[in-house]
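Chemist: I need the structure of the sequence given here:
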Amino acid sequence: MAQLPTSNSLNMECTYMTEGAVMPFCKGCGHSHILKKLNTALEKLKLNPNNICLVTDIGCIGLADSLYDKVHTVHTTHGRSTAFATGIALADKVLADKKLKTIVLIGDGGATIGLLHIVNAALLNSDVTVIVANNFLFGMTGGQQSFFSPLEFITQTSPFGNVIPPLDICKVAVSSKCEFVARKVSTQSDLSDTIADAIVFDGFALVEVLDLCTEWAVEKNNMTGASLFDIALKQGNELGYLINERNREEFGEAYKTRIVTNAAKHNLFTNFIKRESKHNLARQVSVVLAGSAGEKVQSSAALLCEAAVRAGLYTSQKNDNPVTQGSGFSLSEIILSPAKINFTGIEKPTAVIVISNEGLNELVSQNVFERIDLDTQLIFDDSINYNISSFQINLLPFRKICTPKKAALGALDYFIASTRIFPLEILHTVYKEKYGDYNKLYKADLLKEFLD
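Modeler: Just a heads-up that it's a prediction; the model follows:
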């Protein structure tokens, strides 16, 4: 069996499962075999636990997270684990030390839902190992049939036997240019060797493991462990290694050599924001900017963030708008901070800026004004009639002075001018670079009249 470089290995015995771990599955469930064989495979490879990332999603097999406390674990939404894993693997190859081994545990239900993610990862050839625990149905949600249910297979949604031909995930992987594909039964003694070989493979690898769902499948279909071999034979599904050859470059390596390197040669990445000045911010500030779609609310917020970065601040921006995009409200949540931002949600805004009634109505529906206090700065366009008892609202004619499409720009101009978080000239420079002659952008001088 192939071995990884010693720099990624341990010269000591190491188990990767939580000490005293108890399998959370139904009695006789094949998932227990898979997780134990995975642990055995990792023990054989002696991988450094810090260089392993186990990615799971919703489904019975996703309960593996708590059983592996020595490695990194990421729990995702149903069917999306392969997509998350692809991003993790690529980030390691391009930005880190290229030692990470990313392993996906997914059931046939998750593989059904996230089928295109598997296809795309195989086409990319990312260094990801996908282990598909195939018990032929959706076990977690009540025993419904999946794309993988064999013909005549009885499930909760096919009580008289499945009439839809099952999908062969291994053939899908092969047709997606995957160069390591294997199919095993969960009780086979050499499953751990197959999993180990898949993990070592430098590229996308898929191992389908046939196993029993004792809760929903065994009794209805009169199944035993031997039935798994019979199902594979009846469907013409070969067991063992279907393909194990490396002819393609791993995607992370290809991306780094062909895209990152060439981009550097051609100076494609020339738009990095450089620090130009110093900010005056001692603590994190959060701003909610609300207006109407088509009035440059979100793009104005982006310019504020760019100016803040130039002043040396960390920033985050979260946007919200209706599906219709061009109608209704437009909303941006902005955080400016002298330190790294670990949580991008806004629990209590430092400032709320509202430049249209559509924006106001959305903030009311989201109960934003129930999360403010007397320290919150409220800046409204003077066309808005909304009373909040005990709170002082600064009403300014942004729409009249700046026009509706530039009201957000004017409001942010006023906000920075009144707070002096960073030099106002930086914001004006960003505006000018975006829209041209700043003096013609809007009547900015008129806003100065409203400053204390």
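Chemist: who touches whatever helix or strand residue 307 lives in?
Modeler: Assessed by DSSP states H and E, residue 307 sits inside helix 297-310. Helix 297-310 has contacts (CB atoms under 8 Å, 6 or more residues apart in numbering) with 273-277, 279, 287, 289-291, 315-317, 319, 321, 330-332, 334, 336, 355, 359, 408-409, 412, 416, 421-422, 426-427, 429-431, 434. C-betas here are computed from N, CA, C, even on glycine.
Chemist: I figured residue 122 hits residue 171, correct?
Modeler: No. Contact criterion CB atoms under 8 Å: residue 122 and residue 171 do not qualify, at 11.6 Å.
Chemist: compare the two (neighbour count), which wins?
Modeler: residue 122 (27 against 12; other CB atoms under 10 Å).
Chemist: contact partners for that one?
Modeler: Each residue near residue 122 by CB under 8 Å, 6+ apart is listed here: 173, 176, 177, 178, 204, 206.
Chemist: since we're on residue 69, how many residues are nearby?
Modeler: Other residues near residue 69 come to 13 when the count uses other CB under 10 Å.
Chemist: over to residue 85?
Modeler: Neighbours of residue 85 (other CB under 10 Å): 29.
Chemist: what's the helix or strand for it?
Modeler: helix 81-95.
Chemist: give me the helices and strands touching that helix, please.
Modeler: With contacts defined as 3 or more CB pairs under 8 Å, 6 or more residues apart in numbering; DSSP states H and E, the packing partners of helix 81-95 are strand 52-56, strand 72-75, strand 101-107, helix 115-124, strand 128-134, helix 251-254.
Chemist: any chance of the ones you listed in JSON lines with mean pLDDT as columns?
Modeler: Below are these laid out as JSON lines (pLDDT from 0 to 100):
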{"stretch": "strand 52-56", "mean pLDDT": "97"}
{"stretch": "strand 72-75", "mean pLDDT": "96"}
{"stretch": "strand 101-107", "mean pLDDT": "97"}
{"stretch": "helix 115-124", "mean pLDDT": "97"}
{"stretch": "strand 128-134", "mean pLDDT": "98"}
{"stretch": "helix 251-254", "mean pLDDT": "91"}
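Chemist: closest to residue 182 out of those?
Modeler: Within the helices and strands packed on helix 81-95, the stretch nearest residue 182 is strand 128-134; the backing value is 10.0 Å (CB to CB).
Chemist: now the next helix or strand after that closest one: mean pLDDT?
Modeler: Sequence-wise, the next helix or strand downstream of strand 128-134 (DSSP H and E) is strand 137-138. Strand 137-138 carries an average pLDDT of 94.
Chemist: what's the first helix or strand after strand 137-138?
Modeler: Criterion used, DSSP H and E; the element after strand 137-138 is strand 144-145.
Chemist: list the contacts of that next one.
Modeler: 136, 137, 138, 153, 155, 156, 157, 158, 162, 164.
Chemist: hmm, try it at 10 Å
Modeler: 108-109, 112, 136-138, 153-158, 161-164, 166, 216 (CB atoms under 10 Å, 6 or more residues apart in numbering).
Chemist: redo the helices and strands packed on helix 81-95 as JSON lines? Include distance to residue 18.
Modeler: Compiled in JSON lines, these are given as follows (distance: least, CB to CB, whole Å):
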{"stretch": "strand 52-56", "distance to residue 18": "12"}
{"stretch": "strand 72-75", "distance to residue 18": "11"}
{"stretch": "strand 101-107", "distance to residue 18": "15"}
{"stretch": "helix 115-124", "distance to residue 18": "28"}
{"stretch": "strand 128-134", "distance to residue 18": "19"}
{"stretch": "helix 251-254", "distance to residue 18": "30"}
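Chemist: and those: which comes nearest residue 212?
Modeler: Residue 212 lies closest, by CB to CB, to one member of the helices and strands packed on helix 81-95: strand 128-134, at 10.5 Å.
Chemist: if you skip the residues just before and after it, what's nearest to the residue nearest to the spatial centre of the chain?
Modeler: The residue lying closest to the centre of the chain (CA atoms, centre = their mean) is residue 84, at 5.6 Å. Sequence neighbours aside, residue 76 is the residue nearest to residue 84 in space, at 4.7 Å (criterion: CB to CB, 6 or more residues apart in numbering).
Chemist: which of the contacts of strand 144-145 count as buried?
Modeler: Neighbour counting over the contacts of strand 144-145 (16 or more other CB atoms under 10 Å) leaves 108-109, 112, 136-138, 153-155, 158, 162, 166, 216 as the buried ones.
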